[in-house]
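S.K.: Give me a 3D structure for the following:
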Amino acid sequence: MPDDLSQPSLFGGSAADLPPAYPDRAAWGTAPKLRAWQAEALEKYFADEPRDFMTVATPGAGKTTFALRVAKQLLDRGTVSRVTVVAPTDHLKSQWADAAARVGIAIDPNFKNSDGHHAQGYLGVALTYAQVANKPLLHRARTENARTLVILDEIHHAGDSLTWGDGLQEAFEPAHRRLALTGTPFRSDSSRIPFVSYERDQEGLLRSQSDYSYGYGPALQDHVVRPVIFMAYSGTMHWRTSDGDEMAADLGEGFTKDITAQAWRTALDPRGEWIPSVLAAADRRLSEVRRTVPDAGGLVIASNHEDARAYAERLAKITGSQPTLVLSDDKTASDRIDRFSASEDRWMVAVRMVSEGVDVPRLAVGVYATSTSTPLFFAQAIGRFVRARKRGETASVFLPSVPILMYLAQEMEAERDHALDLKDSPDEEEIIAADEGLDDHLIDEANQEENASSRLASGKFEAIGSQASFHGVLYDGEDYHGYEVGSDDQDFLGIPGLLDADQVGTLLKQRHQQSRGKAPEPAAASVPDHRQLKDLRQKLAKNVSAWAARTGEPHGSVHNALRRECGGPPVAQATAEQIQARIDKLQNWFIGRR
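M.R.: Numbers count the residues shown, from 1 in each chain. Alright, predicted model coming up:
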C-alpha cells in the first residue's frame with residue numbers, strides 16, 4: 001500500500017545509494033538515499049530474483065517504495081513487461097497508481113472486469129481482491145498474455161474468504177514474478193494464504209515464512225515510525241439487559257466476557273457521557289500537538305455509520321467546526337479522504353475505510369471508538385498514526401480500558417507470523433483469554449444496530465448511561481496507571497508533540513510520579529518490595545509469551561534460556577534485579593541483539 005508517500009521521489013540521489021548486489025546500478029542515474037531496511041531488502045531480492053518474495057514491514061515503513069523499486073528495475077531489464085497491483089480497496093488502487101506514476105510506471109486504477117483490456121498507454125492495472133475473485137479466469141488470461149509482475153498489497157486479505165484465496169490462486173498462478181507485501185502477517189483464522197510459504201515450527205504448527213521482515217520495534221529505533229502513546233479511559237457504565245435487569249460495572253474491571261462486552265458497548269454509545277468526554281480529551285491533546293505540528297490531524301474510528309454520524313455531531317459541538325465524515329457507502333469517500341489529507345482540518349470520523357492502507361501522514365491523534373478487537377484490525381488501525389514525517393513527531397491514541405485492547409497496545413512491538421492449526425496451539429488467543437479478553441461474537445451481539453425504541457420493546461440490550469475516568473497511559477509496553485479515583489489526565493494531555501521515543505518514556509515516568517503525588521516511604525533495605533516483584537513477574541510473563549508466540553518456542557524453554565544467559569534461580573525465587581535483567585535481555589532479543 002502507498003504508506004510512504006512522504007518519502008522523496010524515488011529518483012534523485014546517486015547510484016552509490018543502491019545495495020552492492022543491485023543490478024544495472026548505472027541505469028538508475030540518480031536515486032535518493034534508501035532507508036536501510038529498503039536497501040537491505042532490495043539486495044536480498046536481487047541476489048536471487050525469486051519468483052515469489054514476501055516482505056513484511058510495519059505500516060509506515062515504506063513498503064511501496066521498495067515494491068516500486070523492484071518493479072521499475074524488472075521493467076527496465078525486460079524481465080517483466082506488465083505490472084498488476086492487487087489492493088484491498090478502490091481508494092488504495094488510486095494511491096498505488098499515483099505513487100507508480102511518480103516513478104514513470106503507468107498503472108490504470110479504473111480498469112473494470114468488463115473492459116477486458118486496459119487502456120492504451122498503461123503498463124498494467126490496479127485491482128481489488130474482490131475484483132480478482134469475481135473473474136479469476138479473465139485475470140489469468142491477462143497474466144498469461146505478458147510477462148507479469150504481480151504486487152499483492154496486504155496479502156493477508158487473500159485469506160478473508162475462500163473465494164478470494166481461490167480466485168487469487170487461479171488468476172496469478174502463471175505470473176512471471178509475484179511480490180507480496182504485508183504489515184500484519186497474522187490472522188485470527190487459519191486460512192492458508194496463496195503464494196505464502198509455510199514451515200512447521202518446534203510445536204508442529206505451520207507458520208508463514210517471510211523473505212524479509214522489518215517490524216515496528218526496529219522501525220521505531222531507526223526513527224522510521226512514530227512512537228505511540230495510548231491514553232486509556234475507564235468509567236462506570238449502566239445498561240439494561242435482555243432480561244430487563246439494570247446492570248452497572250466499571251469498564252475493563254475484569255468481569256465476565258459478556259459483561260465486559262456490554263460495558264464496552266455502553267461506553268461507545270454516543271448518547272452517554274463517555275464518548276463526549278474522551279473526544280474532548282482527544283481534542284485537547286490535538287491542540288497541544290498542533291502547537292509544534294500545526295497541520296496535525298485527528299481520526300475517530302467508529303463501529304458503524306450511525307455512531308460515526310453521532311460522533312461527528314459531538315465533535316462539531318466540541319470544536320466549533322464540522323469534521324470530515326467518511327462512510328464506506330459514500331461514492332465521494334475517497335475524495336473526502338484526499339481533501340482532508342491535503343488540508344489542515346482538525347478531525348476526520350470514519351468507520352472501517354481508513355483502518356488500513358489509507359495514507360494521511362499528518363494523522364497524529366486517534367480515538368479507537370470501535371468494538372472490533374482482532375489483532376489484525378487493531379494493528380492496521382494504529383498503523384494510520386505511526387507514519388513519520390520528521391524526527392520527533394509522536395502519535396496519541398485514545399481507547400477504552402478493556403483488557404483485549406490493553407493487551408494489544410502493550411504488544412505493539414511484538415512481531416507475529418500467520419499460524420495455521422490454531423485450534424491445537426496455546427497461542428495468542430489463549431493468552432488473551434487468560435487476560436480477560438473478549439470473543440468477537442460477544443461484541444457483535446452487544447453491538448447490534450437497533451433503534452432505541454425497539455431495543456426496550458423487544459427486550460434487547462439498552463445502554464442507559466456512562467461516565468469516563470482516566471485510567472492511565474500505555475507506552476513501550478509499560479502501563480502507567482494506578483491513580484486515585486478522579487485523577488486528572490491533564491499532565492499527560494499536555495505532553496509536547498515533538499519528542500524522541502526515549503524522551504517520551506522519560507517524560508511519562510516523570511508525569512506518572514507527579515500525578516500520583518508524594519511517593520510512599522520506601523521499605524527497609526532488607527525487606528523486598530512485594531508489589532514491585534509482582535509487577536516485574538507479570539511483565540516478564542507477558543514478554544515471554546510474546547517471544548514464544550514469535551518464535552514458536554515453549555514458554556518453559558524461553559525461561560530456561562533466560563536463566564542460562566542471565567543466571568539466577570527460577571522466577572518465583574528471583575530478586576527484582578534478576579527479573580529485570582531477564583526483561584532487558586528479552587528486549588535485546590526483540591530488536592535483534594541476541
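S.K.: so the residue positioned nearest the centre of the chain is in which element?
M.R.: Against the mean C-alpha coordinate of the chain, by Cα atoms, centre = their mean, the closest residue is residue 379 at 2.1 Å. Residue 379 belongs to helix 375-382 when assigned by DSSP states H and E.
S.K.: now swap in residue 151 and tell me
M.R.: Using DSSP H and E, residue 151 sits in strand 148-153.
S.K.: What strands line up against that strand, and which way round?
M.R.: Under the criterion DSSP bridges, strand 148-153 sits next to strand 82-87 (parallel), strand 177-182 (parallel) in its sheet.
S.K.: between the helix or strand following it and strand 82-87, how big is the angle?
M.R.: Elements were assigned by DSSP H and E; along the chain past strand 148-153, the next helix or strand is helix 162-172. Orientation check (axes from the mean of the first three to the mean of the last three Cα atoms, to 10 degrees): helix 162-172 against strand 82-87 gives 170 degrees.
S.K.: what pLDDT, on average, does helix 162-172 get?
M.R.: For helix 162-172, the mean per-residue pLDDT is 86.
S.K.: And for that helix, what's in contact with it?
M.R.: Outside helix 162-172, the residues within contact range by Cβ atoms under 8 Å, 6 or more residues apart in numbering are 84, 86, 129-130, 132-134, 136-140, 143, 148, 150, 152, 157-159, 178, 191-195. C-beta: built from backbone N, CA, C; applies to glycine.
S.K.: Check stretch 578-594 too.
M.R.: With Cβ under 8 Å, 6+ apart as the contact definition, stretch 578-594 has outside contacts at 217-218, 221, 413-414, 533, 536-537, 539-540, 543-544, 546-547, 550, 562-563, 565-569, 571, 574.
S.K.: and if we set it to 6 Å?
M.R.: 217-218, 536, 540, 543, 547, 562, 565-566, 568 (Cβ atoms under 6 Å, 6 or more residues apart in numbering).
S.K.: Please point out which parts of it sit buried.
M.R.: For stretch 578-594, the neighbour count (16 or more other Cβ atoms under 10 Å) marks 578-583, 585-586, 589-590 as buried.
S.K.: just checking, residue 277 touches residue 468?
M.R.: Yes. In this structure, residue 277 is within contact of residue 468 by Cβ atoms under 6 Å, at 3.7 Å.
S.K.: Give me the more crowded residue out of those two.
M.R.: It is residue 468, of residue 277 and residue 468, that has more neighbours when counted by other Cβ atoms under 10 Å, with 25 against 18.
S.K.: Which residues are in contact with that one?
M.R.: By Cβ under 6 Å, 6+ apart, residue 468 lies in contact with 233, 235, 274, 277-278.
S.K.: Please narrow those to those residing in strands.
M.R.: Among the contacts of residue 468, DSSP state E puts residue 233 in strands.
S.K.: Out of the contacts of residue 468, which end up buried?
M.R.: 233, 235, 274, 277-278.
S.K.: the domain parsing of the chain - what is it?
M.R.: For the chain, the structural domains run 15-214, 228-402+438-515, 530-590, going by automatic domain parsing.
S.K.: mean pLDDT lowest for which of the ones you listed?
M.R.: Least confidently modelled of the domains of the chain is domain 228-402+438-515, at a mean of 77 by mean pLDDT.
S.K.: partner strands of the helix or strand harbouring residue 229, parallel or antiparallel?
M.R.: Using DSSP H and E, residue 229 maps to strand 228-234. Under the criterion DSSP bridges, strand 228-234 sits next to strand 395-400 (parallel), strand 469-475 (antiparallel) in its sheet.
S.K.: Quickly compare those and say which is most buried.
M.R.: A comparison of the strands paired with strand 228-234 by mean neighbour count, using mean count of other Cβ atoms under 10 Å, puts strand 395-400 on top with a mean of 26.
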